[in-house]
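Colleague: Give me coordinates for this.
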Amino acid sequence: MRQNILSYQAYTQWETGIRSPASACGPAAIAGLVRYWEERLPKREGSSFAPLPADPAQAVNEMYRACGGTPLGMSAPVLALGLRRQLNARLRGLGLTARASTPRLKSFEAYRREIDEGRPVAVKFDKWFSLRWLERPAFDYHWTVGCGYRIEDDGTQLLIVHDAGTRFKDGTYTESRERRIEYAPHRAVLTLVALRACADRLYE
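Modeller: As a prediction, the model looks like this:
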């Protein structure tokens, strides 16, 4: 068995105070990825960007507003653009010449390499627009954050994702938690969006 799980602060889309929780999975994913990078970029005095609010609901609301959240959810191109803009603003604010990129990943191996390089991945499940209407994936239409992987001794490949939480009919909810999801049966409904800051002198 082989496994790698990144330390990652997840956001819950059902957090009290989030204004549009039913469609906040994309903004919650953006907030989590941006926070992850904020904590790992070099610390410099006089930086000219405002970090995400400490309050989780405020952070998700800010990403919803700034990155194109809608009641119908968030497409992969919109989420990728939001990620690039948010990370680029932080890189510029630190005076760094790096620029963010958001390549699509086409395989489990590409996803595994991102995790091994210390970069979590935005993972979208979508059976509707992939025209897999009769299938029963872990999520019908939902953004999560891939923070790890597991490869079993028999070769089974598993994504480890934070699910952004679950709301129940009585109005209660669970916080975001790690889920292990087999890659092969879900491959046709997945969109994997990496987030990178590309420059040789990122930490100059």
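Colleague: rest of the way, CA atoms for contacts and neighbours
Modeller: Noted.
Colleague: who does the longest strand seen in the chain touch, helix- and strand-wise?
Modeller: Ordering each strand of the chain by length in residues (DSSP state E) puts strand 141-151 first. The contact analysis (3 or more CA pairs under 8 Å, 6 or more residues apart in numbering; DSSP states H and E) places strand 141-151 against strand 2-5, helix 25-38, helix 108-116, strand 121-126, strand 157-162.
Colleague: Looking at these, spot the one closest to residue 14.
Modeller: Residue 14 sits nearest to helix 25-38 of all the helices and strands packed on strand 141-151, at 8.9 Å, using CA to CA.
Colleague: quick revisit: make a markdown table from the helices and strands packed on strand 141-151 and add mean pLDDT, mean neighbour count and distance to residue 184 to it.
Modeller: Formatted as a markdown table, the helices and strands packed on strand 141-151 follow (pLDDT from 0 to 100; neighbours: other CA atoms under 10 Å; distance: least, CA to CA, whole Å):
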| stretch | mean pLDDT | mean neighbour count | distance to residue 184 |
| --- | --- | --- | --- |
| strand 2-5 | 98 | 14 | 17 |
| helix 25-38 | 98 | 25 | 23 |
| helix 108-116 | 98 | 18 | 9 |
| strand 121-126 | 97 | 25 | 13 |
| strand 157-162 | 98 | 24 | 7 |
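Colleague: Make sure residue 166 is actually in contact with residue 173.
Modeller: Yes - counting by CA atoms under 8 Å, residue 166 touches residue 173, with 5.4 Å between them.
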